[in-house]
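In: One predicted model, sequence on top.
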Amino acid sequence: MTDYPFVPSDVARYRHMVSGADGVMDEQTWNDLLLPAYSAELARETSIFGQQELHRRLYAAPAGEVSASADRVRGLMADDGRRQQLQSAATGLRRADREISETLYGPALPSSPRWLPVLGWLPIAFLLSAGAALGLGWMPLWIVALVLWLVLMAIQVRYHEAVQQWGRILDSMQQMLRAHSLLPWDDAAQAGKLNRRLSRSLMAGMPGVSEYSDWLFLQNVRHYFRSRDVVNENIGFLRASFERVATLDADLALSRHLSRTAHCWAEQGGAVELAQVVHPLLADASALDFGMREQGVFISGQNGVGKSTLLRTVGLNLITARAFGFCYAARAVTPQLPVYSSMQNEDALGAGESFYMAELRRGQELLALAAQRPAIFIIDEIFRGTNYLESVSAAAAVLHTLAEQGRVVMASHHLVLASLLSDCLQPWCVRRSAGQWQLTPGLLQDTNGIALLGERGFAPTITAKANRIHAWLSEYLAHPVDRASLKSF
């Protein structure tokens, strides 16, 4: 079955409708940690209902839902027969080509107009006037018949687009109710009954008949108004059905995903312990151990070694533990804390915002988030858009404040930050050895930024000159400054 493609705004609409601006993630973190691609991987073979529920859990699921969700998914994975049965009942959900959360959770649909009963008499009046005109040949009757015909056409034209759009919404709603009626739930019969109430007559589905019944008898317009009234009358049941069906479809998606992916169920604790953790989007990803207790972590490493990948690996696993209860690791202990990041700040020429201004804006956002609640902050090379001295100074001030409110995991080439933030960040160095990732205590000793000049084809004279300048600058900047803590500032 080919699944309908839905734009991100459609997938996110359910979360917006039920959670509003609340949540434990923001848009930049969502993009920084590659969650759009991860969501797409989770949502393979999943309907719009399941996609919306997965998105809501990733973005804003309350902590109390995690254990219940994990128990349901574990149950599905342990009982393959039950999972296949539920999957079969829910297959029709993938035929839905329109999201309906806005209809169910948005403003109430308008009630039918008072003149709706007149629509049933207009076609009869037209047929009687037309028949009388043919039999009697009176011009006034022909005029009456023409006017009534024009009224019928005008009504059809007036509501044609609304009827078409409502038809797609109603079809998705009925797919939901049909799946509900096939599932082993106590109110399955009620879902089936409501589904039938929302359906049109059998005659409307007959080829050729539906066109005449719509254009002559306005059956589609009358059904449009009447089915909206049925939806309004049963909005509570429809919302409950949506939530149960979406939850089941999301659970099925997670059970399918986990059945083909190495993972562990995360234990909840104050520390962060990730043993043999990997990034699920990387084929043949190299696993490593990561830990963080009271202090945050300062990560250094050579250019191209994978510091940003490590940050995304840690960030994504913390989010999946909070949202779903599992990690892509051999063992995991994680706190139920929100995760925020600053990794991909970009200039916005249209808004007149430079790269450094974008970094400053993100820094202010993170400080505001830190003031609201404890959190884990994933930071990659903050404040790169200004000179070295001001970059280090601004980064140290902001990172130290963030570390006072939560825990910071950061990567930077500015090794001096490690000593400036030594009271709140523990230094670790990431390197590759024999094709394997390794994370060891301490700072990077052998930098490779200048060495890469030669590897990339720069002339030996350029590399030699760069080395001389580096040696001079290192000696010039090596002043005996107490970098043990920022508290003196």
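Out: Arrived safely.
In: drop to CA atoms for contacts and neighbour counts, all remaining ones
Out: Noted.
In: For the chain, name the helix or strand with the lowest mean pLDDT.
Out: Of all the helices and strands that make up the chain, the one with the lowest confidence by mean pLDDT, DSSP states H and E is helix 451-455; it has a mean of 68.
In: all strands of the chain, in order?
Out: Chain-ordered strands for the chain, with DSSP state E as the definition, fall at 264-265, 267-268, 272-277, 288-292, 296-300, 326-327, 331-334, 339-342, 376-380, 407-411, 425-433, 436-441.
In: mind listing what the third one pairs with, with the direction of each?
Out: Pointing back at strand 272-277 there. For strand 272-277, the paired strands and their directions (DSSP bridges) read strand 288-292 (antiparallel), strand 331-334 (antiparallel).
In: Could you find the closest non-adjacent residue to Leu198?
Out: Distances taken as CA to CA, 6 or more residues apart in numbering put Ser227 closest to Leu198, at 5.6 Å, once the chain neighbours are dropped.
In: Against Ser308, how distant is that neighbour?
Out: For Ser227, the distance to Ser308 (CA to CA, to the nearest Å) stands at 52 Å.
In: State the mean pLDDT of the lengthiest helix in the chain.
Out: Across the chain, the helix with the greatest residue count (assigned by DSSP state H) is helix 139-182. Throughout helix 139-182, pLDDT has a mean value of 91.
In: Can you give me the first-to-last residue distance of stretch 58-71?
Out: Stretch 58-71 has its terminal residues 17 Å apart, counting by CA to CA.
In: quick one: buried residues of that stretch?
Out: Counting neighbours by 16 or more other CA atoms under 10 Å, one finds that the buried residues in stretch 58-71 are 58-61, 66, 69-70.
In: now stretch 373-381
Out: Using 16+ other CA under 10 Å as the burial criterion, the residues of stretch 373-381 that qualify are 374-381.
In: Ser227: neighbour count?
Out: Residue crowding around Ser227 was assessed by other CA atoms under 10 Å; the count is 20.
In: picking that back up, figure out which of the strands of the chain is closest to Arg197.
Out: Comparison of these against Arg197 by CA to CA identifies strand 326-327 as nearest, at 41.6 Å.
In: center of this protein - which residue?
Out: In the chain, the C-alpha closest to the average C-alpha coordinate belongs to His55, at a distance of 3.9 Å (CA atoms, centre = their mean).
In: Please name the residues that touch that one.
Out: Contact analysis of His55 by CA atoms under 8 Å, 6 or more residues apart in numbering lists 11-12, 15, 39.
In: What's the separation between it and Ala250?
Out: 9 Å.
In: and Leu34, which of the strands of the chain is closest to it?
Out: strand 339-342 (11.3 Å).
In: Pull out the buried positions in the closest one.
Out: Buried positions in strand 339-342, judged by neighbour count with 16+ other CA under 10 Å: 339-342.
In: pLDDT and distance to Val7 added to those residues, as TSV?
Out: Shown next, in TSV, are those (pLDDT from 0 to 100; distance: CA to CA, whole Å):
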residue	pLDDT	distance to Val7
Val339	94	25
Tyr340	95	24
Ser341	94	24
Ser342	93	25
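In: Give me the pLDDT for Gly205.
Out: 57.
In: For stretch 356-368, the averaged confidence score.
Out: Mean pLDDT, stretch 356-368: 90.
In: If you count neighbours, what's buried in it?
Out: Burial within stretch 356-368, assessed by neighbour count using 16+ other CA under 10 Å, is assigned to 356-360, 362-363, 366.
In: Then stretch 235-251?
Out: Under the neighbour-count rule (16+ other CA under 10 Å), stretch 235-251 has 235, 238, 241-251 buried.
In: again with stretch 141-161
Out: By neighbour count on 16+ other CA under 10 Å, the buried set for stretch 141-161 is 141-142, 144-145, 148-149, 152, 156.
In: Spit out the contact partners of the closest residue to Ser300 other than its chain neighbours.
Out: Nearest in space to Ser300, with sequence neighbours left out and distances taken as CA to CA, 6+ apart, is Cys429 at 4.8 Å. By CA under 8 Å, 6+ apart, Cys429 lies in contact with 299-301, 439-444.
In: Same question for Leu443.
Out: Leu443 neighbours (CA under 8 Å, 6+ apart): 299-301, 415, 418, 427-429.
In: cutoff 6 Å now
Out: The contact partners of Leu443, by CA atoms under 6 Å, 6 or more residues apart in numbering, come to 427-429.
In: Show the pLDDT at it.
Out: The predicted local confidence for Leu443 comes out at a pLDDT of 83.
In: Give the closest residue to it in space, chain neighbours not counted.
Out: With CA to CA, 6+ apart as the measure, Cys429 is the residue that lies nearest to Leu443, at 5.3 Å, once sequence neighbours are left out.
In: how does this protein divide into domains?
Out: The chain breaks down by automatic domain parsing into domains covering 1-260, 264-448.
In: Check the offset of the longest one from the chain's centre.
Out: Computed by CA atoms, centre = their mean, to the nearest Å, the separation of domain 1-260 from the middle of its chain amounts to 21 Å.
In: what does the last one give?
Out: Counting by CA atoms, centre = their mean, domain 264-448 is centred 21 Å from the centre of its parent chain.
In: Mind putting the buried residues of stretch 58-71 into TSV with distance to Leu76 and pLDDT?
Out: Converted to TSV, these look like this (distance: CA to CA, whole Å; pLDDT from 0 to 100):
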residue	distance to Leu76	pLDDT
Leu58	20	92
Tyr59	23	89
Ala60	23	79
Ala61	20	72
Val66	16	85
Ser69	11	89
Ala70	10	91
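In: If we only consider those, which is nearest to Gly192?
Out: Using CA to CA, the shortest approach to Gly192 within the buried residues of stretch 58-71 belongs to Ser69, at 26.6 Å.
In: mind listing what Pro228 touches?
Out: Actually, residue 228 is Arg. It isn't Pro. For Arg228, the set of contacting residues under the criterion of CA under 6 Å, 6+ apart is empty.
In: swap in Gln295?
Out: The contact partners of Gln295, by CA under 6 Å, 6+ apart, come to 424-425.
In: ok, 7 Å please
Out: Under the criterion of CA atoms under 7 Å, 6 or more residues apart in numbering, the neighbours of Gln295 are 407, 424-426.
In: And it, its phi and psi?
Out: Backbone dihedrals for Gln295, given as degrees, to the nearest 10, come out at phi -90, psi 160.
In: what does the model give it for pLDDT?
Out: Gln295 carries a pLDDT value of 87.
In: any idea how far Ala371 is from it?
Out: Using CA to CA, we find Gln295 at a distance of 18 Å from Ala371.
In: On the pLDDT front, check the residue at the greatest distance from the centre of the chain for me.
Out: In the chain, the residue that sits farthest from the middle, by CA atoms, centre = their mean, is Leu136; the gap is 67.8 Å. Predicted confidence (pLDDT) for Leu136: 72.
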